[in-house]
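Trainee: Fold the following.
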Amino acid sequence: MRILASFMLVAFLSGYALGQSNRSSSSSSSTSSDNVSPCIADARWSNTNASLSYSKQLQTPISVSLLAHVSKGTNCSNAEIRVTATFLTDAQEFICSGTIPKAMTTASEVQTFNLEIRPFTQNDFLRWRNEPGIRGLQQGKRLNCTGLDGTADVGDLDRAKATWVHLAVTVLPTGG
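Mentor: Got it, this is the predicted structure:
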């Protein structure tokens, strides 16, 4: 059952691999002059081929860059970016998964995000290094990672058993 649930979760999350996510909305009246064009968003890792190696012994953060694009439009200017991490064993068995809502927000149509990821540190999982208006050492964002039951929080010791970490980003424009 765990393997089946893990497979389903990984298959679901792989649809968002490399942060490719589209959301759109449109007005219900096609004859109205108030039609709103759909908001289209896309995000891609810009400094990696989608695979990174990490040494648990060094405990240094992983530096990655994310390029996000949100379509032009009055309701599409800002977007929320969520980061989801799924931890798997060497045999691809599910350990836990978690999402950081509002990990970042876009301020323009095209924006690059410089990030540091500490995969095995729950309280300091993600740092947005080039956040506008923030100078010096940024506060890390916490990743609450839950097991298959969805209620139990999995700590750093259990996550340290992971040999695979799948990262996905979702871009949610304000206008839908």
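Trainee: How many residues are close by Leu137?
Mentor: By other CB atoms under 10 Å, 8 other residues sit near Leu137. (C-beta placed from N, C-alpha, C; glycine too.)
Trainee: tell me the SS of it?
Mentor: Under DSSP: H, G, I helix; E, B strand; the rest coil, Leu137 falls in the coil class.
Trainee: Spell out which helix or strand contains the nearest residue to Pro132 once chain neighbours are set aside, please.
Mentor: Distance criterion CB to CB, 6 or more residues apart in numbering; nearest residue to Pro132, sequence neighbours excluded, is Ala107 at 6.0 Å. Secondary structure assigned from DSSP states H and E places Ala107 in neither a helix nor a strand.
Trainee: looking at it, Ala107 is touching Glu131, isn't it?
Mentor: No: if you go by CB atoms under 8 Å, Ala107 and Glu131 don't touch, sitting 9.9 Å apart.
Trainee: any idea how far Asn130 lies from Lys161?
Mentor: Relative to Lys161, Asn130 is positioned 32 Å away (CB to CB, to the nearest Å).
Trainee: about what we covered before: more neighbours, Ala107 and Glu131?
Mentor: Between Ala107 and Glu131, counting by other CB under 10 Å, Glu131 is the more crowded of the two (15 against 12).
Trainee: Helix, strand, or coil at that one?
Mentor: Recorded secondary structure, Glu131: coil (three-state DSSP).
Trainee: Identify each buried residue in stretch 159-171, please.
Mentor: The neighbour-count check on stretch 159-171 (16 or more other CB atoms under 10 Å) flags 159, 162, 165-171 as buried.
Trainee: mind putting the residues you listed in TSV, pLDDT, secondary structure and distance to Ile100 included?
Mentor: Shown next, in TSV, are those (pLDDT from 0 to 100; DSSP: H, G, I helix; E, B strand; the rest coil; distance: CB to CB, whole Å):
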residue	pLDDT	secondary structure	distance to Ile100
Arg159	89	helix	15
Ala162	92	coil	17
Val165	91	strand	14
His166	91	strand	14
Leu167	91	strand	11
Ala168	91	strand	11
Val169	93	strand	10
Thr170	93	strand	11
Val171	92	strand	14
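Trainee: can the residues you listed go into TSV with extra columns for distance to Gln122?
Mentor: Compiled in TSV, the buried residues of stretch 159-171 are given as follows (distance: CB to CB, whole Å):
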residue	distance to Gln122
Arg159	7
Ala162	12
Val165	13
His166	17
Leu167	15
Ala168	18
Val169	19
Thr170	21
Val171	24
